[in-house]
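S.K.: Take this sequence and fold it.
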Amino acid sequence: MPVDCPIHPATPLPPSELVDRLRKLATSLISDVFGRWAGATGLLPVAGLVPGQVVAGPALTVRTRPGDNLVVHKALDLARPGEVLVVAGGGQTDRAVLGGLMGQYATTRGLAALVVDGAVRDRADLAALAPPVFAAGVSHLGPYKDGPGELRCPVALAGVAVADGDLVVGDEDGIAVIPRGRAEEIVALAEEKRSAEEAERRAIAAGTWDRAWIDAALRMVELP
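M.R.: Numbers count the residues shown, from 1 in each chain. Have a look, this model is predicted:
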């Protein structure tokens, strides 16, 4: 018997120029300028990410029963090029909700990345055929296909609130999320932070890195 699958309206895609700027920013920069809490901790790259690569795009959100991928299949049918599939699977890693065939299909749909708060499988196929994949774990056990689920809805991704259309950034350190309404602000701050860190690297190389702040922050106690 069919199960309900509420589908909320799609969010307008962000300007491509904004997404291009995000691809030049590490997740650590975004986290630092956004209160150090933008990260969906525990979701790490498991396949397809090239060293040094940053992926970015608007979230296509999916809420599914843990270990079930019926609505994940439907999300792939609805995906628009450049989106990042964000699957809220409750963080359970005993059963995969996505594998090689779905990863290959995601490539044909033009998805920028796949983010699963749960498990995936077929890592070799994902590495060869899918967009970069981030997940909480890997399991060879396959999914149920019974539902229920919900598409383009607010979800919790490893403890971080994500709305459909929020900006998702992923690299070797994991996943960062930027609320759509603050994207321009956070991107500009992260770009400033990147420039400041580049200046610090030059100072380290020149032997002129200012370390005075450390002693200023410590009360040194001399012991006998």
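
S.K.: which residues touch T27?
M.R.: A38, G39, V54, V169, G170, D171, D173, G174, I175, A176 (C-beta atoms under 8 Å, 6 or more residues apart in numbering). (Glycine included, C-beta is placed from N, CA and C.)

S.K.: For the last one, which three-state class applies?
M.R.: Read it as A176. Classification of A176 by DSSP: H, G, I helix; E, B strand; the rest coil places it in strand.

S.K.: likewise the fourth one?
M.R.: Here V169 is recorded as strand under three-state DSSP.

S.K.: Could you check how many residues crowd around it?
M.R.: Using other C-beta atoms under 10 Å, V169 has 29 neighbouring residues.

S.K.: Looks like it contacts A176 (just checking).
M.R.: Yes - counting by C-beta atoms under 8 Å, V169 touches A176, with 4.7 Å between them.

S.K.: Find the residues that touch each one of those two.
M.R.: T27, I30.

S.K.: Show the contacting residues for the residue nearest to G170 when sequence neighbours are not counted.
M.R.: Among residues not flanking G170 along the chain, V55 sits closest, at 4.8 Å (C-beta to C-beta, 6 or more residues apart in numbering). Counting by C-beta under 8 Å, 6+ apart, V55 touches R23, L49, V84, A112, A113, P131, P132, V169, G170, D171.

S.K.: Just the buried subset of the residues you listed, written out for ChimeraX, thanks.
M.R.: The buried residues among those can be selected in ChimeraX (16 or more other C-beta atoms under 10 Å) with this line:
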select :49,84,112,113,131,132,169,170,171
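
S.K.: Which of the contacts of V55 fall within strands?
M.R.: V84, A113, V169, G170, D171 (DSSP state E).

S.K.: between those residues, which is nearest E192?
M.R.: V169 (16.5 Å; C-beta to C-beta).

S.K.: wouldn't S139 be in contact with V97 here?
M.R.: No - counting by C-beta under 8 Å, S139 sits too far from V97 to count as a contact (9.5 Å).
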